[in-house]
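Engineer: Structure of the sequence below:
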Amino acid sequence: MKNLIGIFAFVILTSFVVIEKPKRLQNGHYRVELDKEYKERGLNDYEFTLEDKKFIYKLDKKVENLEIIWVDENSFIVKGLTEPAIPNETEKEIIKNTKIYFRIMNQEKNEYFFKLGEEFDKYPVYAGKFVKTE
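Structural biologist: Okay, here's the model as predicted:
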């Protein structure tokens, strides 16, 4: 019986995937793969390229050059995607009280799992992973 418990404990302990502390996204090309539930709601995967403060957004054949603003090492805002690029007065008031940003939750090799929403949002706008391809 002790042998069975020992084998069971060994299998459990060695079967965990090593989850790295998330690192800040580096310059390069990323594919965004949304979680299944968001795809079922009609949202689409997309791609982006990060070049310093540029966030080059690619969806189908549409390409937009946007600005990325880092909140901390694992959170960022994209002007024109997570908030209006040129907000009107009403939007400026909303932005003062509500910040929607990408939060990188964890990392496994070249995959960065994220949520898009407010800081303590139980129900994010959407979630998925950034997969670094270059």
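
Engineer: Stretch 122-134: end-to-end distance?
Structural biologist: Using Cα to Cα, to the nearest Å, one end of stretch 122-134 lies 32 Å from the other.

Engineer: residues making contact with that stretch?
Structural biologist: For stretch 122-134, contacts defined as Cβ atoms under 8 Å, 6 or more residues apart in numbering pick out 25-26, 28-35, 38, 43, 45, 100, 104, 110-117. Heads up, the C-betas are built off the backbone N, CA and C, glycines and all.

Engineer: Following the strand or helix carrying Lys96 in sequence, what is the next regular element?
Structural biologist: Assigned by DSSP states H and E, Lys96 belongs to helix 89-97. Downstream of helix 89-97, the next assigned helix or strand under DSSP H and E is strand 101-108.

Engineer: if we can go back for a sec, pull out the buried members of the contacts of stretch 122-134.
Structural biologist: For the contacts of stretch 122-134, a burial check counting by 16 or more other Cβ atoms under 10 Å picks out 25, 30-32, 34, 38, 100, 104, 111-117.

Engineer: My read is that Glu64 contacts Gly80, right?
Structural biologist: Yes: with contact defined as Cβ atoms under 8 Å, Glu64 and Gly80 form a contacting pair (6.5 Å).

Engineer: partner residues bridging Arg31?
Structural biologist: On the basis of DSSP bridges, Arg31 takes part in beta bridges with Glu47, Val131.

Engineer: Who are the contact partners of it?
Structural biologist: Applying Cβ under 8 Å, 6+ apart, the residues near Arg31 are 45, 47, 130-131, 133.

Engineer: redo that, cut-off 7 Å
Structural biologist: Arg31 is in contact with 45, 47, 131, 133, counting by Cβ atoms under 7 Å, 6 or more residues apart in numbering.

Engineer: In strands, which of the contacts of stretch 122-134 fall?
Structural biologist: 28-34, 104, 111-117 (DSSP state E).
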